[in-house]
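Peer 1: heads up, no residue letters with this:
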DNA sequence: AATATATAATTGATATATCAATAATTATTT
DNA sequence: AAATAATTATTGATATATCAATTATATATT
């Protein structure tokens, strides 16, 4: 056989952790009837964090392709959670903003997401968390 | 604003690490003209590791949905890298196996993948790696 | 100002993701 | 053995992923 077991590859474990967490959160979203995906939540949260931004910026911050952002924003727009606002003297970009419905949606459901985040690091000291974060950033740097 | 910054969420950093690494590896696959995706490589590698297995087992070990496995195996089959072998007295499952082309493909390209793995953990001591693996498994356990 | 270049968003093609429903087969129960 | 239940793989619907090509617009160059 060529090479060691896939389970021993750290990148595989990272991917596994990410997948398991996403499935956990998505199931809870579905159970609670939120009507959006985890990816959609992340976009909403980034828009909220920066108040308003272009799709290009949103793609960078969310680590997603601009094409993917276009399509997800179409969905979020249909759901009434965001809007593409025209920019004066710039017809090439939009300001992406939360609607009031979108803002309320985040406020109403932030507790759920916070619970997922807390659950994921249950039993970790803040020192351990710092160590983990540092290691992840080193891997990111190695692969950049 | 509701909650802290998304960049401070450890699950976001885990996801980010996973995405960056996948992009890195996929670009190298494309550059070298391997003609498959990272996901396809992982399936091939798991099949090699366990010699042969059902699609159900393959789904479990790769952490993917059976539906997704069906479709990816169709592609790998078209590329001549795997085959669905009939099982005697069991017409509900197949044994998924590498073809000789598939075996050769793995041998020929394992060095490339090994280089990616090594690069990802450049600068890590084996102790650090153990710590990281342990932390990831704790998160997996928290979210299961 | 006219032309060329660069940028932002979109669209098309293809792969992957999940869930739900279905089909085919196997195992269990009565 | 016949009916019921459980299992495996597939298919359909929809969301997300990338890259390449396109469109529209803005910026830079001559």
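Peer 2: Right, received. Where do you want to start? What you see is a predicted model; the values in this text were computed from it and never measured.
Peer 1: okay, now residue A:23: neighbour count?
Peer 2: 14 (other CB atoms under 10 Å in any protein chain shown). Every C-beta, even on glycine, is put in place using the N, C-alpha and C of the backbone.
Peer 1: which strands and helices sit next to the lowest-mean-pLDDT helix or strand in chain A?
Peer 2: Every helix and strand of chain A was ranked by mean pLDDT, DSSP states H and E. The lowest is strand A:52-53, at a mean of 92. For strand A:52-53, the elements it packs on are strand A:90-98, judged by 3 or more CB pairs under 8 Å, 6 or more residues apart in numbering or on different chains; DSSP states H and E.
Peer 1: what mean pLDDT does the strand it packs on have?
Peer 2: For strand A:90-98, the mean per-residue pLDDT is 95.
Peer 1: Next, see if the helix or strand harbouring residue A:68 gets close to chain B.
Peer 2: Per DSSP states H and E: residue A:68 is located in helix A:66-78. No: using CB under 8 Å from any CB of the partner chain, we find that helix A:66-78 stays clear of chain B, coming within 11.8 Å at best.
Peer 1: how big is the angle separating that helix from strand A:90-98?
Peer 2: 60 degrees (axes from the mean of the first three to the mean of the last three CA atoms, to 10 degrees).
Peer 1: Does the following helix or strand past helix A:66-78 reach DNA strand D?
Peer 2: Toward the C-terminus, helix A:66-78 is succeeded by strand A:82-87 as the next helix or strand (DSSP H and E). No: Strand A:82-87 lies out of reach of DNA strand D by CB under 7 Å from any atom of the strand, never closer than 7.9 Å.
Peer 1: who does the least confident helix or strand of chain A pair up with?
Peer 2: strand A:90-98 (antiparallel) (DSSP bridges).
Peer 1: All the helices of chain A, in order from the start?
Peer 2: Counting by DSSP state H, chain A has helices at residues A:10-32, A:38-50, A:55-62, A:66-78, A:100-120, A:126-142.
Peer 1: ok, and does the least confident helix or strand of chain A reach over to DNA strand C?
Peer 2: No: residues of strand A:52-53 are not located near DNA strand C by CB under 7 Å from any atom of the strand, the shortest gap being 8.4 Å.
Peer 1: Stretch A:33-42 too?
Peer 2: No: Stretch A:33-42 lies out of reach of DNA strand C by CB under 7 Å from any atom of the strand, never closer than 9.3 Å.
Peer 1: contacting residues around the residue most central in space within chain A?
Peer 2: Chain A has residue A:42 as the residue nearest its centroid, 3.1 Å off, counting by CA atoms, centre = their mean. By CB atoms under 8 Å, 6 or more residues apart in numbering or on different chains, the contact list for residue A:42 reads A:62, B:6, B:12.
Peer 1: Mind doing that once more with 6 Å?
Peer 2: Residue A:42 is in contact with residue A:62, counting by CB atoms under 6 Å, 6 or more residues apart in numbering or on different chains.
Peer 1: got it, and the one 3 residues further on?
Peer 2: Residue A:45 sits next to residue B:6 when contact means CB under 6 Å, 6+ apart.
Peer 1: Up against DNA strand C, what does chain A have?
Peer 2: A:19, A:23, A:26-27, A:30, A:54-56, A:66-67, A:69-71, A:73, A:84, A:92-94.
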